[in-house]
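Engineer: Provide a 3D model corresponding to the input given below.
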Amino acid sequence: MFLKRITFLREDVQDYHEYPFSIPSISNLHHLDIDNKVTFFVGENGSGKSTLLEAIADKCEFNTAGGSRNNSYDVHAAGSALGDYIRLSWMPKITNGFFLRAESFYHFVSHIDEVDLTGFRDYGGRSLHEQSHGESFLSLFLNRFKGSAIYLLDEPEAALSPQRQLSFLRIIHDLTESGDCQFIIATHSPILLGYPGATILSFDDGRIAEVNYEETDHYRITKYFLQHREKFLKDILEE
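Structural biologist: Got it, this is the predicted structure:
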């Protein structure tokens with residue numbers, strides 16, 4: 001465990017009507033304790049989970065378009081509006097890690113193509129552009145992710161099939177058990193959320209609160225759909 005607490009510097013905010021302070025889960029935040037090697041952020045679109053994850057990446061000095069401290073490139077609208085308003089508490093402080101931002105991953109891959117001089121050693125031995133979207137994500141996880149680091153992942157399931165999401169769960173397990181790694185993951189995937197023993201923090205209902213797996217909409221809606229598919233589709237398509 002490395003990152004222990006996230007504190008919102010409320011006294012520095014001038015106007016809570018402005019984004020991102022207008023997001024209820026952010027405006028109601030005081031501090032957030034992290035006490036698990038694997039923590040999930042869940043919530044509806046716009047609930048603030050990616051905004052907070054991006055701010056953490058900014059305070060870690062990772063590239064907020066995706067990457068680590070060593071990846072310098074620019075992507076439009078990839079900055080963090082919240083980064084200057086949080087404080088991170090560490091034990092111990094680390095600088096190794098990576099921020100995966102699924103929506104700008106293409107730009108990260110192009111950056112690596114331009115600067116890599118090692119024959120893509122950290123990415124499976126060939127350009128990530130020469131691999132499928134899902135293959136490139138797994139190559140990153142398998143080859144780039146190593147011990148004593150914090151990994152901040154925003155919707156890593158975006159490129160992964162259900163089978164490869166299960167493979168990713170094994171990667172998380174191996175890294176946290178033997179590699180001394182910490183993960184904070186914003187996700188909509190009921191498969192990833194099923195990782196045993198993880199902490200799940202919901203950003204819904206205007207606050208950030210820990211919930212059980214079975215309490216998440218991701219689990220409940222998916223379960224109901226699979227058990228009552230015909231009725232579910234009839235209800236939403238014929239109303």
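
Engineer: Now stretch 141-149: buried residues?
Structural biologist: Of the residues in stretch 141-149, those buried by neighbour count under the rule 16 or more other Cβ atoms under 10 Å are Phe141, Arg144, Phe145, Ala149. Every residue, glycine included, has its C-beta placed from N, CA and C.

Engineer: Surely the third one and Asn96 touch.
Structural biologist: I take that to be Phe145. No. Checked against Cβ atoms under 8 Å, the pair Phe145 and Asn96 is beyond contact range at 10.1 Å.

Engineer: For Ser27, state which of the buried residues of stretch 141-149 is nearest.
Structural biologist: When the buried residues of stretch 141-149 are compared for distance to Ser27 (Cβ to Cβ), Ala149 wins out at 31.1 Å.

Engineer: For the residue nearest to that closest one when sequence neighbours are not counted, which residues are in contact?
Structural biologist: Take Ala149 and drop its neighbours on the chain: the residue closest to it by Cβ to Cβ, 6 or more residues apart in numbering is Asn96, 4.0 Å away. Residues counted as contacts of Asn96 (Cβ atoms under 8 Å, 6 or more residues apart in numbering) are Ser68, Lys146, Ser148, Ala149, Ile150.

Engineer: Which ones among these map onto helices?
Structural biologist: With helices identified by DSSP state H, none of the entries of the contacts of Asn96 belong to them.

Engineer: Of the residues you listed, which one scores lowest on pLDDT?
Structural biologist: For the contacts of Asn96, the least confidently modelled position is Ser68, at 81, judged by pLDDT.

Engineer: Next one, pLDDT for the closest residue to that one other than its chain neighbours please.
Structural biologist: Counting by Cβ to Cβ, 6+ apart, Ser68 lies nearest to Phe98, which is 5.1 Å off, once chain neighbours are set aside. pLDDT, the model's per-residue confidence, is 92 for Phe98.

Engineer: for Asp12, same thing?
Structural biologist: Looking at Asp12, its pLDDT is 95.

Engineer: For it, give me phi and psi.
Structural biologist: Torsion angles at Asp12 (phi, psi; degrees, to the nearest 10) stand at phi -90, psi -10.

Engineer: Now for it, how many residues are close by?
Structural biologist: 9 (other Cβ atoms under 10 Å).

Engineer: Could you dump the buried residues of stretch 141-149 into JSON lines with distance to Thr222 added?
Structural biologist: Output for those, formatted as JSON lines (distance: Cβ to Cβ, whole Å):
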{"residue": "Phe141", "distance to Thr222": "23"}
{"residue": "Arg144", "distance to Thr222": "30"}
{"residue": "Phe145", "distance to Thr222": "27"}
{"residue": "Ala149", "distance to Thr222": "31"}
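
Engineer: biggest separation within those, which pair?
Structural biologist: That would be Phe141 and Ala149, which, of these, are the farthest apart (Cβ to Cβ) at 12.2 Å.

Engineer: C-alpha coordinates for the helix or strand of the chain with the lowest mean pLDDT, PDB please?
Structural biologist: Among the helical and strand segments of the chain, the one scoring lowest on mean pLDDT, DSSP states H and E is helix 105-115, with a mean of 80. The C-alpha atoms that make up helix 105-115 are tabulated as PDB, following Å, rounded to 0.1, in the frame of the first residue of the first chain:
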ATOM      1  CA  PHE A 105      -4.700   5.600 -25.400                       C
ATOM      2  CA  TYR A 106      -4.200   6.000 -29.200                       C
ATOM      3  CA  HIS A 107      -2.200   9.100 -28.600                       C
ATOM      4  CA  PHE A 108       0.000   7.400 -26.000                       C
ATOM      5  CA  VAL A 109       0.700   4.600 -28.400                       C
ATOM      6  CA  SER A 110       1.700   7.100 -31.100                       C
ATOM      7  CA  HIS A 111       4.000   8.800 -28.600                       C
ATOM      8  CA  ILE A 112       5.700   5.500 -27.700                       C
ATOM      9  CA  ASP A 113       6.300   4.800 -31.400                       C
ATOM     10  CA  GLU A 114       8.100   8.200 -31.700                       C
ATOM     11  CA  VAL A 115      10.400   7.800 -28.600                       C
END
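
Engineer: Thanks again, I'm all set now.
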